[in-house]
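*Asks:* Can you look at this prediction? I've put the sequence above it.
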Amino acid sequence: MTTTSSTIAANTPANTPGITLTLESTGVFLGILVSVSALAGVAIRIISKMNSISASISQIEIALKEQSANAEKIRQLEKAFDLHIQEYINRKDVVQMLLGQLDQKINHKFKRLLFYTRDVQRFLQRDTNFKMREYEETTQQDE
């Protein structure tokens, strides 16, 4: 006798390494990707803001350096200006003193001349028939 044996083909999953994707795991994976991309976008915005702040700080530093250099130039100019003002005041004082001395010399010479003319007038009145005219000295200018 002959016996026949039948074989049943069964499809058993083999123990193969791999990832089984289900709808739920795909949703979780996509959620993680969206969250990571959102975090990356926030991180990029924060980094760009920090870079712009850093650039602003650098510009402010440059401006402050220029400002301090300009302030130093202004201080030097003020010192030079103060020296020129003092020199002007000194020259003005010297000129006023010289003018005062000239005024005193002129007044002295005028008084000596006046005394000489009065002496001549007295001499002429005593020894001759010379008549002197009287005149008034005015200190105010004619208007």
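*Replies:* Cool, got the structure.

*Asks:* Under the pLDDT cut-off, which ranges of this structure? List them.
*Replies:* Within the chain, the segments meeting pLDDT under 70 span 1-17, 19, 135-143.

*Asks:* Give me the most central residue, it.
*Replies:* Centroid-nearest residue in the chain, with CA atoms, centre = their mean: Gln67, separated by 4.8 Å.

*Asks:* mind checking how far that residue is from Glu61?
*Replies:* 10 Å (CB to CB, to the nearest Å). All C-beta atoms are positioned from the backbone trio N, CA, C, and that covers glycine.

*Asks:* Alpha carbons of stretch 41-52, as PDB, please.
*Replies:* Taking C-alpha atoms only, stretch 41-52 is exported to PDB below (Å, rounded to 0.1, in the frame of the first residue of the first chain):
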ATOM      1  CA  GLY A  41      12.600  76.600  12.700                       C
ATOM      2  CA  VAL A  42      12.400  78.100  16.200                       C
ATOM      3  CA  ALA A  43      16.100  77.400  16.700                       C
ATOM      4  CA  ILE A  44      16.900  79.000  13.400                       C
ATOM      5  CA  ARG A  45      14.900  82.100  14.200                       C
ATOM      6  CA  ILE A  46      16.500  82.300  17.700                       C
ATOM      7  CA  ILE A  47      20.000  82.000  16.100                       C
ATOM      8  CA  SER A  48      19.200  84.600  13.400                       C
ATOM      9  CA  LYS A  49      17.900  87.000  16.100                       C
ATOM     10  CA  MET A  50      21.100  86.400  18.200                       C
ATOM     11  CA  ASN A  51      23.200  87.000  15.100                       C
ATOM     12  CA  SER A  52      21.300  90.300  14.400                       C
END
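
*Asks:* If anything else comes up later, I'll come back, but that's it for now.
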